[in-house]
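Visitor: for reference, the sequence and a predicted model appear below.
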Amino acid sequence: QAILQVRCVICVRPPGFRCLERMLRAVAPSALKAVRCSAAPAGRLRGLALASSMCSVDGLRGAGRARGAFTPSAGPDAPKAEGAAQAALPRWPAGWHDHLQYHFFFEGLFVQARVFLTPSLEEHSVWIFDHSVGRVEELLNSPERLQQSGADCLELTGSRLQIKDGEGGGALQLKSASGEMELQVRFKNRHVYSWLPAGQGNDAVIHRPDLELTLDYKGRTLKGRGYSKRYYGAYGPQWGYRFIQSSMLSDNKFLWTADATFRLGDGEAKYNYFKLLDGESGKLVQADSKDTYQQDCVGYAEIDGQRYAATVTPLGEWMHDYKAGDTNSRMQLRYCKVEVSLPGGAAPLVGYALNERCFGVL
(Lines give C-alpha, C1' and ligand atoms only; values in the text may rest on other atoms or scores of the structure.)
Protein backbone atom coordinates (compact mmCIF):
# COMPACT_ATOMS: atom_id res chain seq x y z
CA GLN A 1 0.00 0.00 0.00
CA ALA A 2 1.11 3.53 -0.73
CA ILE A 3 1.97 5.73 2.22
CA LEU A 4 0.63 9.27 2.16
CA GLN A 5 2.45 11.67 4.44
CA VAL A 6 1.69 15.36 4.93
CA ARG A 7 3.42 17.70 7.33
CA CYS A 8 2.42 21.29 7.97
CA VAL A 9 2.32 23.94 10.67
CA ILE A 10 -1.05 24.26 12.40
CA CYS A 11 -2.60 26.20 15.24
CA VAL A 12 -1.55 24.84 18.64
CA ARG A 13 -5.17 24.83 19.84
CA PRO A 14 -7.14 21.60 19.32
CA PRO A 15 -9.82 23.23 17.06
CA GLY A 16 -7.12 23.99 14.48
CA PHE A 17 -6.19 20.32 14.41
CA ARG A 18 -9.79 19.23 13.93
CA CYS A 19 -10.41 21.73 11.11
CA LEU A 20 -7.35 20.53 9.20
CA GLU A 21 -8.37 16.91 9.76
CA ARG A 22 -11.81 17.58 8.28
CA MET A 23 -10.26 19.31 5.27
CA LEU A 24 -7.94 16.40 4.57
CA ARG A 25 -10.71 13.86 4.95
CA ALA A 26 -12.68 15.81 2.36
CA VAL A 27 -9.90 15.90 -0.24
CA ALA A 28 -8.31 12.47 0.31
CA PRO A 29 -10.70 10.13 2.17
CA SER A 30 -9.30 6.95 0.64
CA ALA A 31 -5.73 7.71 1.60
CA LEU A 32 -6.36 9.01 5.10
CA LYS A 33 -6.13 6.11 7.52
CA ALA A 34 -5.01 7.79 10.74
CA VAL A 35 -4.17 11.24 11.98
CA ARG A 36 -1.36 11.82 14.41
CA CYS A 37 -0.74 15.10 16.16
CA SER A 38 2.85 15.28 17.38
CA ALA A 39 2.37 16.95 20.75
CA ALA A 40 4.88 19.57 21.82
CA PRO A 41 5.09 22.09 24.66
CA ALA A 42 3.14 25.30 24.18
CA GLY A 43 4.84 27.74 21.84
CA ARG A 44 6.49 25.08 19.69
CA LEU A 45 5.31 23.85 16.31
CA ARG A 46 3.29 20.70 15.95
CA GLY A 47 3.14 18.40 12.98
CA LEU A 48 0.39 16.43 11.39
CA ALA A 49 1.22 13.03 9.95
CA LEU A 50 -1.02 10.80 7.88
CA ALA A 51 -0.13 7.22 7.22
CA SER A 52 -1.54 4.02 5.81
CA SER A 53 0.02 0.73 6.85
CA MET A 54 -0.84 -2.82 7.86
CA CYS A 55 -1.78 -4.26 11.23
CA SER A 56 -2.88 -7.48 12.97
CA VAL A 57 -2.62 -9.13 16.38
CA ASP A 58 -0.34 -12.06 15.51
CA GLY A 59 2.38 -11.42 18.04
CA LEU A 60 3.72 -7.87 17.96
CA ARG A 61 4.07 -7.67 14.17
CA GLY A 62 1.50 -8.59 11.58
CA ALA A 63 0.01 -8.18 8.14
CA GLY A 64 -3.76 -7.82 8.54
CA ARG A 65 -5.57 -4.57 7.82
CA ALA A 66 -6.60 -2.62 10.91
CA ARG A 67 -10.19 -1.44 11.30
CA GLY A 68 -9.33 1.21 13.90
CA ALA A 69 -12.04 3.79 13.08
CA PHE A 70 -14.43 4.49 15.96
CA THR A 71 -17.29 6.81 15.01
CA PRO A 72 -19.97 6.81 17.71
CA SER A 73 -22.63 9.50 17.43
CA ALA A 74 -23.96 9.60 21.00
CA GLY A 75 -22.78 9.79 24.60
CA PRO A 76 -22.57 7.15 27.34
CA ASP A 77 -26.33 6.64 27.57
CA ALA A 78 -26.26 5.12 24.06
CA PRO A 79 -23.02 3.11 23.78
CA LYS A 80 -22.11 1.73 20.37
CA ALA A 81 -21.23 -1.97 20.28
CA GLU A 82 -18.19 -2.52 18.06
CA GLY A 83 -17.09 -5.69 16.28
CA ALA A 84 -14.68 -7.35 18.71
CA ALA A 85 -12.78 -9.31 16.05
CA GLN A 86 -12.20 -6.26 13.86
CA ALA A 87 -11.65 -3.56 16.51
CA ALA A 88 -8.13 -2.13 16.49
CA LEU A 89 -6.98 0.92 18.43
CA PRO A 90 -6.00 4.03 16.44
CA ARG A 91 -2.38 5.10 16.05
CA TRP A 92 -0.68 7.05 18.82
CA PRO A 93 -1.17 9.90 19.52
CA ALA A 94 -4.67 10.67 18.28
CA GLY A 95 -5.36 13.97 20.02
CA TRP A 96 -4.26 16.89 22.17
CA HIS A 97 -4.66 14.60 25.19
CA ASP A 98 -4.36 10.84 24.76
CA HIS A 99 -4.71 8.19 27.47
CA LEU A 100 -4.37 4.41 27.17
CA GLN A 101 -4.81 2.06 30.13
CA TYR A 102 -4.92 -1.66 30.86
CA HIS A 103 -6.16 -3.39 34.03
CA PHE A 104 -5.26 -7.11 34.06
CA PHE A 105 -6.80 -9.33 36.78
CA PHE A 106 -5.44 -12.81 37.56
CA GLU A 107 -5.80 -15.21 40.45
CA GLY A 108 -3.64 -13.65 43.17
CA LEU A 109 -2.10 -10.98 40.90
CA PHE A 110 -3.11 -7.64 39.36
CA VAL A 111 -1.18 -5.84 36.60
CA GLN A 112 -1.75 -2.20 35.65
CA ALA A 113 -0.21 -0.41 32.65
CA ARG A 114 -0.91 2.99 31.09
CA VAL A 115 0.40 5.67 28.74
CA PHE A 116 -0.56 9.29 29.45
CA LEU A 117 0.02 12.21 27.08
CA THR A 118 -0.62 15.96 27.25
CA PRO A 119 0.96 18.83 25.26
CA SER A 120 3.61 19.04 28.02
CA LEU A 121 4.53 15.41 28.70
CA GLU A 122 4.22 11.74 27.85
CA GLU A 123 4.74 9.10 30.53
CA HIS A 124 4.13 5.37 30.86
CA SER A 125 3.97 3.08 33.87
CA VAL A 126 3.53 -0.56 34.88
CA TRP A 127 2.88 -1.81 38.40
CA ILE A 128 1.56 -4.95 40.03
CA PHE A 129 -0.21 -6.03 43.20
CA ASP A 130 0.80 -9.55 44.22
CA HIS A 131 -1.56 -10.93 46.87
CA SER A 132 1.23 -13.08 48.32
CA VAL A 133 3.27 -9.90 48.95
CA GLY A 134 0.36 -7.64 49.91
CA ARG A 135 1.53 -4.36 48.42
CA VAL A 136 1.95 -2.45 45.17
CA GLU A 137 5.27 -2.96 43.35
CA GLU A 138 6.18 -0.45 40.65
CA LEU A 139 7.96 -2.13 37.73
CA LEU A 140 8.28 0.90 35.45
CA ASN A 141 7.55 4.65 35.58
CA SER A 142 9.16 6.51 32.69
CA PRO A 143 8.98 9.88 30.87
CA GLU A 144 10.41 8.30 27.72
CA ARG A 145 8.26 8.97 24.64
CA LEU A 146 7.14 5.73 23.06
CA GLN A 147 7.52 5.43 19.29
CA GLN A 148 4.55 4.62 17.05
CA SER A 149 5.41 2.25 14.21
CA GLY A 150 4.22 2.63 10.63
CA ALA A 151 1.27 0.31 11.32
CA ASP A 152 -2.22 1.76 11.01
CA CYS A 153 -3.16 0.58 14.51
CA LEU A 154 -1.58 1.30 17.87
CA GLU A 155 1.93 -0.17 17.98
CA LEU A 156 4.25 1.47 20.53
CA THR A 157 7.87 0.70 21.35
CA GLY A 158 10.14 2.03 24.07
CA SER A 159 13.36 0.85 25.63
CA ARG A 160 11.45 -1.43 28.03
CA LEU A 161 7.76 -1.35 27.11
CA GLN A 162 6.15 -2.55 23.89
CA ILE A 163 2.40 -2.52 23.16
CA LYS A 164 0.59 -3.79 20.10
CA ASP A 165 -3.20 -3.37 20.01
CA GLY A 166 -4.57 -4.42 16.62
CA GLU A 167 -7.48 -6.34 15.18
CA GLY A 168 -9.16 -8.42 17.86
CA GLY A 169 -6.60 -7.78 20.60
CA GLY A 170 -2.86 -7.66 21.05
CA ALA A 171 0.00 -7.96 23.52
CA LEU A 172 1.95 -5.97 26.08
CA GLN A 173 5.58 -6.78 26.83
CA LEU A 174 7.80 -5.39 29.58
CA LYS A 175 11.55 -5.93 29.58
CA SER A 176 13.79 -5.71 32.62
CA ALA A 177 16.47 -3.04 32.90
CA SER A 178 18.95 -5.64 31.58
CA GLY A 179 16.80 -6.28 28.49
CA GLU A 180 15.31 -9.66 29.47
CA MET A 181 11.59 -10.33 29.12
CA GLU A 182 10.05 -9.60 32.52
CA LEU A 183 6.34 -9.79 31.81
CA GLN A 184 4.07 -10.44 28.84
CA VAL A 185 0.29 -10.24 28.60
CA ARG A 186 -1.61 -11.35 25.51
CA PHE A 187 -5.20 -10.13 25.33
CA LYS A 188 -8.24 -10.85 23.17
CA ASN A 189 -11.34 -8.69 22.74
CA ARG A 190 -14.72 -9.99 23.88
CA HIS A 191 -17.03 -6.96 24.06
CA VAL A 192 -16.06 -3.52 22.74
CA TYR A 193 -18.03 -0.30 23.23
CA SER A 194 -17.46 3.26 22.12
CA TRP A 195 -19.26 6.52 22.78
CA LEU A 196 -18.62 10.28 22.87
CA PRO A 197 -17.48 11.57 26.27
CA ALA A 198 -18.93 14.84 27.53
CA GLY A 199 -17.63 17.80 25.55
CA GLN A 200 -16.51 15.67 22.58
CA GLY A 201 -18.15 15.99 19.17
CA ASN A 202 -16.02 13.49 17.25
CA ASP A 203 -13.35 11.86 19.43
CA ALA A 204 -14.44 8.57 20.97
CA VAL A 205 -13.70 6.69 24.14
CA ILE A 206 -13.18 2.94 23.63
CA HIS A 207 -14.01 0.50 26.44
CA ARG A 208 -13.20 -3.21 26.52
CA PRO A 209 -14.52 -4.48 29.86
CA ASP A 210 -13.97 -8.25 29.57
CA LEU A 211 -10.69 -8.97 27.77
CA GLU A 212 -9.45 -12.56 27.80
CA LEU A 213 -5.86 -12.68 29.10
CA THR A 214 -2.79 -14.89 29.17
CA LEU A 215 0.11 -13.76 31.37
CA ASP A 216 3.72 -14.99 31.35
CA TYR A 217 5.50 -13.82 34.49
CA LYS A 218 8.29 -15.32 36.61
CA GLY A 219 8.01 -18.71 34.96
CA ARG A 220 4.25 -18.90 35.41
CA THR A 221 1.47 -18.75 32.84
CA LEU A 222 -1.84 -17.45 34.19
CA LYS A 223 -5.25 -16.95 32.61
CA GLY A 224 -7.37 -13.98 33.57
CA ARG A 225 -9.77 -11.26 32.52
CA GLY A 226 -9.14 -7.57 32.08
CA TYR A 227 -10.17 -4.13 30.95
CA SER A 228 -8.80 -1.50 28.59
CA LYS A 229 -9.78 2.10 27.90
CA ARG A 230 -8.48 4.51 25.25
CA TYR A 231 -9.69 8.06 24.80
CA TYR A 232 -8.25 11.12 23.07
CA GLY A 233 -9.23 14.68 22.22
CA ALA A 234 -9.50 18.14 23.74
CA TYR A 235 -10.04 17.79 27.48
CA GLY A 236 -9.49 20.18 30.36
CA PRO A 237 -7.38 22.11 30.93
CA GLN A 238 -9.04 21.87 34.38
CA TRP A 239 -10.54 18.47 35.05
CA GLY A 240 -11.32 15.84 37.65
CA TYR A 241 -12.78 12.33 37.72
CA ARG A 242 -13.52 9.23 39.79
CA PHE A 243 -13.60 5.78 38.24
CA ILE A 244 -14.27 2.23 39.49
CA GLN A 245 -13.63 -0.79 37.26
CA SER A 246 -13.91 -4.41 38.30
CA SER A 247 -12.45 -7.83 37.65
CA MET A 248 -14.83 -10.57 36.57
CA LEU A 249 -17.30 -10.57 39.44
CA SER A 250 -19.44 -13.45 40.61
CA ASP A 251 -22.02 -14.54 38.01
CA ASN A 252 -19.65 -13.50 35.19
CA LYS A 253 -20.40 -9.79 35.57
CA PHE A 254 -18.12 -6.82 34.77
CA LEU A 255 -18.59 -3.33 36.21
CA TRP A 256 -17.23 0.06 35.19
CA THR A 257 -18.52 3.43 36.40
CA ALA A 258 -17.31 7.04 36.41
CA ASP A 259 -18.13 10.50 37.77
CA ALA A 260 -16.20 13.28 36.00
CA THR A 261 -16.15 16.97 35.08
CA PHE A 262 -14.13 18.30 32.14
CA ARG A 263 -13.26 21.92 31.23
CA LEU A 264 -14.42 23.70 34.35
CA GLY A 265 -15.66 27.20 33.49
CA ASP A 266 -14.99 26.75 29.76
CA GLY A 267 -17.96 24.89 28.37
CA GLU A 268 -18.21 22.66 31.44
CA ALA A 269 -18.81 19.02 30.55
CA LYS A 270 -20.37 16.80 33.24
CA TYR A 271 -19.82 13.10 32.61
CA ASN A 272 -21.27 10.15 34.54
CA TYR A 273 -22.01 6.51 33.71
CA PHE A 274 -22.62 3.13 35.38
CA LYS A 275 -22.32 -0.07 33.29
CA LEU A 276 -22.77 -3.69 34.38
CA LEU A 277 -22.07 -6.28 31.66
CA ASP A 278 -23.09 -9.93 31.68
CA GLY A 279 -20.05 -11.51 30.04
CA GLU A 280 -21.99 -14.63 29.01
CA SER A 281 -25.13 -13.15 27.45
CA GLY A 282 -23.69 -9.77 26.48
CA LYS A 283 -26.57 -7.96 28.21
CA LEU A 284 -25.56 -4.49 29.39
CA VAL A 285 -27.40 -3.03 32.39
CA GLN A 286 -26.79 0.71 32.65
CA ALA A 287 -27.95 3.83 34.45
CA ASP A 288 -28.86 7.09 32.77
CA SER A 289 -26.05 9.61 33.25
CA LYS A 290 -28.22 11.74 35.55
CA ASP A 291 -28.88 8.77 37.85
CA THR A 292 -25.34 7.81 38.88
CA TYR A 293 -22.60 9.43 40.96
CA GLN A 294 -19.66 8.57 43.25
CA GLN A 295 -18.43 9.28 46.75
CA ASP A 296 -15.01 8.41 48.19
CA CYS A 297 -15.35 4.62 48.16
CA VAL A 298 -18.80 4.04 46.64
CA GLY A 299 -20.36 4.40 43.20
CA TYR A 300 -24.15 4.70 43.23
CA ALA A 301 -26.74 4.19 40.51
CA GLU A 302 -30.50 4.03 40.11
CA ILE A 303 -31.72 1.82 37.26
CA ASP A 304 -35.44 1.37 36.57
CA GLY A 305 -36.16 2.69 40.05
CA GLN A 306 -33.82 0.16 41.70
CA ARG A 307 -30.70 1.06 43.71
CA TYR A 308 -27.19 -0.28 42.94
CA ALA A 309 -24.00 0.48 44.86
CA ALA A 310 -20.38 -0.52 44.20
CA THR A 311 -18.29 -0.30 47.37
CA VAL A 312 -14.50 -0.59 47.28
CA THR A 313 -12.11 -1.51 50.10
CA PRO A 314 -8.53 -0.43 49.23
CA LEU A 315 -5.70 -2.97 49.50
CA GLY A 316 -2.85 -0.99 47.92
CA GLU A 317 -2.16 2.40 46.33
CA TRP A 318 -0.07 3.95 43.54
CA MET A 319 0.10 7.75 43.49
CA HIS A 320 1.74 9.86 40.80
CA ASP A 321 1.91 13.52 39.78
CA TYR A 322 1.84 14.21 36.04
CA LYS A 323 3.69 17.51 36.22
CA ALA A 324 5.52 19.41 33.45
CA GLY A 325 4.84 22.69 31.70
CA ASP A 326 1.16 23.53 32.10
CA THR A 327 0.30 19.96 33.16
CA ASN A 328 -0.21 19.35 36.88
CA SER A 329 -2.55 16.42 37.64
CA ARG A 330 -2.37 14.03 40.56
CA MET A 331 -3.48 10.46 39.87
CA GLN A 332 -4.35 8.04 42.66
CA LEU A 333 -4.85 4.37 41.75
CA ARG A 334 -6.14 2.04 44.45
CA TYR A 335 -6.33 -1.73 44.03
CA CYS A 336 -9.37 -2.84 45.99
CA LYS A 337 -11.86 -5.46 46.95
CA VAL A 338 -15.28 -4.57 45.55
CA GLU A 339 -18.83 -5.52 46.45
CA VAL A 340 -21.75 -4.55 44.21
CA SER A 341 -25.11 -4.56 45.97
CA LEU A 342 -28.09 -5.45 43.77
CA PRO A 343 -31.79 -4.67 44.16
CA GLY A 344 -34.44 -7.13 45.24
CA GLY A 345 -32.36 -8.84 47.91
CA ALA A 346 -30.09 -10.56 45.39
CA ALA A 347 -26.70 -11.73 46.61
CA PRO A 348 -24.02 -9.04 46.06
CA LEU A 349 -21.44 -9.39 43.31
CA VAL A 350 -17.90 -9.63 44.70
CA GLY A 351 -14.41 -9.45 43.27
CA TYR A 352 -11.58 -6.95 42.84
CA ALA A 353 -11.39 -3.53 41.25
CA LEU A 354 -9.21 -0.57 40.38
CA ASN A 355 -10.38 2.72 41.88
CA GLU A 356 -8.90 5.58 39.86
CA ARG A 357 -9.05 9.27 40.75
CA CYS A 358 -7.34 12.19 39.04
CA PHE A 359 -7.66 15.95 39.57
CA GLY A 360 -5.74 18.96 38.34
CA VAL A 361 -4.73 20.62 35.07
CA LEU A 362 -3.93 18.93 31.76
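Guide: Okay, I see it. Quantities reported herein were computed from a predicted structural model and do not represent experimental measurements.

Visitor: C-alpha from now on. contacts and neighbour counts both.
Guide: Noted.

Visitor: any regions of the stretch 101-250 of the chain where pLDDT drops low?
Guide: In the predicted model of the stretch 101-250 of the chain, no residue satisfies pLDDT under 70.

Visitor: now the strands for it?
Guide: In the stretch 101-250 of the chain, the strands defined using DSSP state E, counting those that start in this stretch lie at 109-117, 122-130, 135-142, 147-148, 154-157, 161-166, 169-175, 181-188, 192-195, 205-217, 220-233, 238-246.

Visitor: out of those, deepest packed?
Guide: Among those, ranked by average contacts under mean count of other C-alpha atoms under 10 Å, first place goes to strand 161-166 (a mean of 26).

Visitor: before we move on, back to that, closest to residue 277 out of the strands of the stretch 101-250 of the chain?
Guide: Closest to residue 277 of the strands of the stretch 101-250 of the chain is strand 205-217 (C-alpha to C-alpha; 8.0 Å).

Visitor: elements contacting the closest one?
Guide: Contacts defined by 3 or more C-alpha pairs under 8 Å, 6 or more residues apart in numbering; DSSP states H and E place strand 205-217 against strand 181-188, strand 192-195, strand 220-233, strand 253-262.

Visitor: quick one: contacts of that strand?
Guide: 70, 104, 182-197, 221-232, 248, 254-256, 277, 279 (C-alpha atoms under 8 Å, 6 or more residues apart in numbering).

Visitor: how far off strand 253-262 does that strand point, in degrees?
Guide: Computed by axes from the mean of the first three to the mean of the last three C-alpha atoms, to 10 degrees, the angle separating strand 205-217 from strand 253-262 equals 130 degrees.

Visitor: related to what we said a few turns ago, tell me which of the helices and strands packed on strand 205-217 lies nearest to residue 121.
Guide: strand 220-233 (14.6 Å).

Visitor: give me the sheet partners of that closest one and which way each runs.
Guide: Sheet pairing for strand 220-233, assigned by DSSP bridges, gives strand 97-106 (antiparallel), strand 205-217 (antiparallel).

Visitor: quick check: angle from it to strand 181-188?
Guide: Here the directions of strand 220-233 and strand 181-188 differ by 70 degrees (the same axes, to 10 degrees).

Visitor: name the residues of stretch 99-109 that are buried.
Guide: Buried residues in stretch 99-109, counted by 16 or more other C-alpha atoms under 10 Å: 99-106, 109.

Visitor: OK, contacts around the closest residue to residue 242 other than its chain neighbours?
Guide: Once flanking residues are discounted, residue 242 sits nearest to residue 357: 4.6 Å by C-alpha to C-alpha, 6 or more residues apart in numbering. By C-alpha under 8 Å, 6+ apart, the contact set of residue 357 is 240-243, 331-333.

Visitor: out of those residues, who's nearest residue 349?
Guide: Lowest distance from residue 349 to the contacts of residue 357 (C-alpha to C-alpha) belongs to residue 243, with 17.8 Å.
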